[in-house]
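Q: Sequence first, then the predicted structure:
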Amino acid sequence: MQALVIAAHGSHLNPDASAPTHAHADAIRETGTFDEVREAFWKEEPHFREVIRTLESEEVFVVPLFISEGYFTEEVIPRELRLDDWDPDLWDSDGTEASQATLEAGDVEKTIHYCGPVGTHDAMTDVIVRRAESVTGDPDVGEGVGLAVVGHGTGRNENSAKAIEYHAGRVREMDRFDEVRALFMDEEPEVDDVTDYFESEDVVVVPLFIADGYHTQEDIPEDMGLTDDYRTGWEVPAEVDGHRIWYAGAVGTESLLADVVLERAADAGADVGAALDRTRDRTDGASAAGD
Amino acid sequence: MSGSEDAVDALLAAVDEEGDVDFDGLRLARAADGYALETPTLDRTGLSEDEARAALADVPAFVANWCFWDRVGGEGTARRAFLRWCERAPTEDAAAGGDEGDALPVPERHAALRDGIERTWGQLHVTARLADGDAPAGERVYDLRHVDDAGTPLDDLDRHEEPREAREIATDDERGRYRPLKTAPTLVSGWAFAGLSGNDLVATVERFYPATVANWHRERRGDLDVDHWIETAERQTGIYDVVDDLPREAVDWMAEACCVDSQCLRRREWEYEEGDDLPVDGGDGAFPCREPCSLVIAAARKWAVLEHEETHTWEFELTRSEKNQLEALVDAVAEGRVDEIREADVNDGANRYRARYLRAKRVDEDGNLCGVEEPVETD
């Protein structure tokens, strides 16, 4: 038997924080790929600490639903899962290359495959592009359009910006959008000045966040000038300084992210069979713009 | 009994292929001189296959019971133990004790399952019953609803089918406020899951009360791994690194504030540390709490910071009734009683008009009680 655990942050204050985690877990459950699928959280239940013991499977694939390699993926999750022999060096990564490490947990007799976060997987680039397609309603979006990939950014963890720049670079290499930029909330170049960084009239803005919340639904829309008050909402697209800003909301709510979770588990040796094809079929056209 | 011949076939096949059966008071063995069958009221040996079939036909409850649990499988799992607990079957866990006194032998259990055997798990009410119609021999199904709805017909409740729907029911309390603590005693009522399979019952309970079945099962087997306060606190890093600064007595107050039955249905098994118990009662919940949860850790961080403040002497002029009223206000908020206080009940110190009057009289425009900003100067 094989089990999948999707490890996410969650929230004590806002149920929307865990909504994407549950949605992706439900989508993967429906494929029947894993005998068991569990969501686990830092701030909700089941906690990371107690999730593994709820499983009957001997083989467990843990995929962190986080954007970057850092404090949570390298320290908190392994500690709380009791992966006693964990060492970040096992991922052998410079910040965006983590694949998986095979370990044992201290409280159960199971094999734990601890995977890198979804945010740094190559397939995440496709999710960003899909997000641009769904928010514009144009499956061929790109020509004459600029794309901004937006991250939190923080002085504390350089990997946070690396993940954003990594995907911006990969989208740029596709040669699909006229311009591609990595922008940040807390460091230069800042998302507040989004229109300064693009010549294209149309700019798609995709925040690389797991869930919609304070940052993606309050901070960023106001900082970019989409609205004076987030509570009154904003247009998609919104006119700002002569540009049309297509604001996508958190990339983590895109249903295609379920595929990235599966890709992570498959890279770690999970037998995912035809599930990736099936979720791709299911998610085609299933994404709603502006959600 | 429907499927009884199939059930006997399955049982004989199991004995032939996998060896003797010894389960819940039914023993069936195959020896050189034929089958040997034993139940609490029956002991026969040297049976031919036809004789064995006839004898088994006389104990259909035992045969059906074996068939059902053979299909459940999962020897040693929490899932199986929980399903057995649901119908008051004797435990299969060596170290388990406690509620064995109400275990039912097979004939009584099967009879009781026709009417439904009821159990309470936190605020969940579970009814185990025999499936109707042409279900396989001994098949159980399970109804799940809120304890407050135990006497309400299923048809009068909002019906749900999929275990995942429990997640939505458990998200908000009756006032629409988010429930970050799943084991808070604030689960809404008015819903029902009817006719769940055993696997779906466990999956649904897992959505309402995550990990409770697993930890309950560990406790019954005598291997619940409790992490006491100080171990859990010292493990924390980042912004929670400070929680192990919380003074010993503050941990007592914290447990009294957060970890009692009125606030959480888990039974606290963690103490300050091994050999140093907290004076607060851990509660009577069915399922154990094996370490301080993330809500307690988050609150402890706040208290760890607040407990660094020094006390001061303040001078306020209040009437005796005003002092009493402040105490009543603290008590009403702490007990979650504010919404119950009637609009015109001015005898209650926590009444809104009383509170507004006190504020108008004793709190200045900057929010200072009696206009006092600074403590009394002391040497």
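A: Arrived safely, thanks for sending.

Q: contacts, neighbours, all on C-alpha from now
A: OK.

Q: Next, the contact list for the residue of the stretch 251-379 of chain B found nearest chain A, please.
A: Of the residues in the stretch 251-379 of chain B, the one nearest chain A is residue B:294, at a distance of 5.9 Å by CA to the nearest CA. Going by CA atoms under 8 Å, 6 or more residues apart in numbering or on different chains, residue B:294 touches A:42, A:43, A:44, A:47.

Q: Check the gap between it and residue B:312 for me.
A: 32 Å (CA to CA, to the nearest Å).

Q: Repeat that for residue A:78.
A: 44 Å.

Q: for the stretch 151-291 of chain A, what spans make up the strands?
A: A:179-184, A:202-207, A:238-240, A:243-247 (DSSP state E, counting those that start in this stretch).

Q: Tell me how many other residues crowd residue B:369.
A: 18 (other CA atoms under 10 Å in any protein chain shown).

Q: Could I get the pLDDT score of it?
A: Residue B:369 carries a pLDDT score of 96 in this model.

Q: Tell me the secondary structure at residue B:145.
A: strand (DSSP: H, G, I helix; E, B strand; the rest coil).

Q: residues contacting the residue of the stretch 201-350 of chain B found nearest chain A?
A: Nearest residue of the stretch 201-350 of chain B to chain A: residue B:210, at 5.1 Å (CA to the nearest CA). Counting by CA under 8 Å, 6+ apart, residue B:210 touches A:45, A:46, B:182.

Q: Just the ones of these in strands?
A: Judged by DSSP state E, the subset of those located in strands is empty.

Q: Going by neighbour count, which of these comes out on top?
A: residue A:45 (25 neighbours).

Q: Can you tell me the closest non-neighbouring residue to that one?
A: residue B:210 (5.9 Å; CA to CA, 6 or more residues apart in numbering or on different chains).

Q: And the pLDDT at the one you found?
A: In this model, residue B:210 carries a pLDDT of 98.

Q: tell me the SS of it?
A: coil.

Q: What residues of stretch B:79-94 count as buried?
A: B:79-93 (16 or more other CA atoms under 10 Å in any protein chain shown).

Q: pretty sure residue B:37 is in a helix, no?
A: No. Membership of residue B:37 in a helix is not supported by three-state DSSP, which gives strand.

Q: That one: neighbour count?
A: Residue B:37 is flanked by 21 other residues according to other CA under 10 Å.

Q: Please identify which pair of the contacts of residue B:294 lies farthest apart.
A: Spanning the widest gap among the contacts of residue B:294 are A:43 and A:47, at 7.0 Å by CA to CA.

Q: can you tell if stretch B:190-207 touches chain A?
A: No. Judged by CA under 8 Å from any CA of the partner chain, stretch B:190-207 makes no contact with chain A; its nearest approach is 8.7 Å.

Q: Could you give the separation of that stretch from the chain centroid?
A: The chain centroid and the centroid of stretch B:190-207 are separated by 14 Å under CA atoms, centre = their mean, to the nearest Å.

Q: Quick check: end-to-end length of that stretch?
A: 17 Å.

Q: Please enumerate residues in contact with it?
A: Against stretch B:190-207 from outside (CA under 8 Å, 6+ apart): B:72, B:79, B:82-83, B:131, B:140-146, B:149, B:154, B:157-164, B:166-167, B:212-213.

Q: got the buried residues for that stretch?
A: Using 16+ other CA under 10 Å as the test for burial, stretch B:190-207 gives B:190-198, B:200-207.

Q: Of those, which belong to strands?
A: Checking the buried residues of stretch B:190-207 against DSSP E, those in strands are B:191, B:192, B:193, B:194, B:195, B:196.

Q: beta partners of the second one?
A: Right, residue B:192. residue B:145, residue B:159 (DSSP bridges).

Q: circling back to that earlier point, can you pull the phi and psi angles for the residue of the stretch 201-350 of chain B closest to chain A?
A: phi -60, psi 140 (degrees, to the nearest 10).

Q: Relative to residue A:59, how far out is it?
A: Distance from residue B:210 to residue A:59, by CA to CA: 20 Å.

Q: Ok, residue A:109 next?
A: Residue A:109 is 10 Å from residue A:59, by CA to CA.

Q: more crowded one of those two?
A: residue A:59 (17 against 13).

Q: What are the boundaries of the helices in the stretch 1-150 of chain B?
A: Taking DSSP state H, counting those that start in this stretch as the test, the helices found in the stretch 1-150 of chain B are B:4-18, B:49-57, B:60-72, B:78-86, B:106-115.

Q: Now render those helices as CSV, adding mean pLDDT.
A: As requested, the helices of the stretch 1-150 of chain B are exported to CSV (pLDDT from 0 to 100):
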stretch, mean pLDDT
helix B:4-18, 92
helix B:49-57, 95
helix B:60-72, 96
helix B:78-86, 97
helix B:106-115, 96
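
Q: do you know which of those lies nearest chain A?
A: helix B:78-86 (8.1 Å).

Q: circling back: how about the contacts of residue B:294 in a markdown table, adding pLDDT?
A: Shown next, in a markdown table, are the contacts of residue B:294 (pLDDT from 0 to 100):
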| residue | pLDDT |
| --- | --- |
| A:42 | 98 |
| A:43 | 97 |
| A:44 | 97 |
| A:47 | 98 |
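
Q: So which of these is surrounded by the most neighbours?
A: residue A:44 (26 neighbours).

Q: separation between that residue and residue B:295?
A: For residue A:44 relative to residue B:295 (CA to CA), the value is 9 Å.

Q: between these two, what contacts are shared?
A: Common neighbours of residue A:44 and residue B:295 (CA under 8 Å, 6+ apart) are A:12, B:181.

Q: And the helices in the stretch 251-379 of chain B?
A: Under DSSP H, counting those that start in this stretch, the stretch 251-379 of chain B gives helices at B:294-306, B:320-334, B:352-362.

Q: Mind putting the ones you listed into CSV with mean pLDDT?
A: Below are those laid out as CSV (pLDDT from 0 to 100):
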stretch, mean pLDDT
helix B:294-306, 97
helix B:320-334, 97
helix B:352-362, 97
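
Q: Rebuild those as a markdown table, extending it with distance to residue B:340.
A: Shown next, in a markdown table, are those (distance: least, CA to CA, whole Å):
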| stretch | distance to residue B:340 |
| --- | --- |
| helix B:294-306 | 26 |
| helix B:320-334 | 9 |
| helix B:352-362 | 11 |
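
Q: what pLDDT does residue A:283 get?
A: 48.

Q: Grab the longest helix from chain A for me.
A: helix A:158-174 (DSSP state H).

Q: I'd like the mean pLDDT over stretch A:49-56, please.
A: Stretch A:49-56 carries an average pLDDT of 97.

Q: hmm, back to that, tell me the one among the buried residues of stretch B:79-94 nearest to residue B:25.
A: With CA to CA as the yardstick, the closest approach to residue B:25 among those comes from residue B:90, at 10.3 Å.
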